[in-house]
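Peer 1: Give me a 3D structure for the following:
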Amino acid sequence: MEPDVCSAKDCRAAATWQLLWNNPKLHTPERRKTWLACDEHKTSLSDFLTARRFLKDVVPHA
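Peer 2: A predicted model of the protein is given here:
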């Protein structure tokens with residue numbers, strides 16, 4: 001079974017984080033979408049979502 005991979009463009013590294021987010025213009029407040037991130041891209045993906053006020057939580061990916 002292949003490991004889950006990072007959502008960053010062209011990254012094939014194993015995901016170690018889940019970035020939980022929603023777009024309040026499209027989703028109900030309790031809805032969470034998930035991007036996966038490796039350690040290298042956790043900050044850049046989090047910053048992207050935070051700048052748009054979409055990021056809700058960052059949790060380890062099991």
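Peer 1: Residue 35: what's it in contact with?
Peer 2: Residues in contact with residue 35 (CB atoms under 8 Å, 6 or more residues apart in numbering) are 7, 18, 19, 21, 45, 49. To be clear about C-beta, it is placed using only N, CA and C from the backbone, and glycine gets the same treatment.
Peer 1: Quick check: the fifth one vs residue 12, distance?
Peer 2: Spelled out, that is residue 45. Going from residue 45 to residue 12 by CB to CB, to the nearest Å gives 15 Å.
Peer 1: more crowded one of the two?
Peer 2: Under the neighbour definition other CB atoms under 10 Å, residue 45 and residue 12 were set side by side, and residue 45 has more, 22 against 10.
Peer 1: Residue 21 is in contact with the more buried one, correct?
Peer 2: No: counting by CB atoms under 8 Å, residue 45 does not reach residue 21; the two are 9.5 Å apart.
Peer 1: tell me the SS of residue 44?
Peer 2: Three-state call for residue 44 (DSSP: H, G, I helix; E, B strand; the rest coil): helix.
Peer 1: quick revisit: looking at the contacts of residue 35, state which has the most neighbours.
Peer 2: Neighbour counts for those (other CB under 10 Å) peak at residue 19, which has 26 neighbours.
Peer 1: Against which helices or strands is the host helix or strand of that one packed?
Peer 2: Following DSSP states H and E, the helix or strand that holds residue 19 is strand 17-21. Strand 17-21 is packed against strand 33-37, helix 42-51, strand 55-60, with contacts defined by 3 or more CB pairs under 8 Å, 6 or more residues apart in numbering; DSSP states H and E.
Peer 1: Give me the pLDDT value at the closest residue to residue 17 other than its chain neighbours.
Peer 2: Spatial nearest neighbour of residue 17, excluding adjacent residues (CB to CB, 6 or more residues apart in numbering): residue 37 at 4.3 Å. For residue 37, the pLDDT comes out at 98.
Peer 1: Hmm, residue 4 and residue 37 touching each other?
Peer 2: No: with contact defined as CB under 8 Å, residue 37 does not reach residue 4; the gap is 10.3 Å.
Peer 1: Overlap of the contact sets of these two?
Peer 2: 15, 61.
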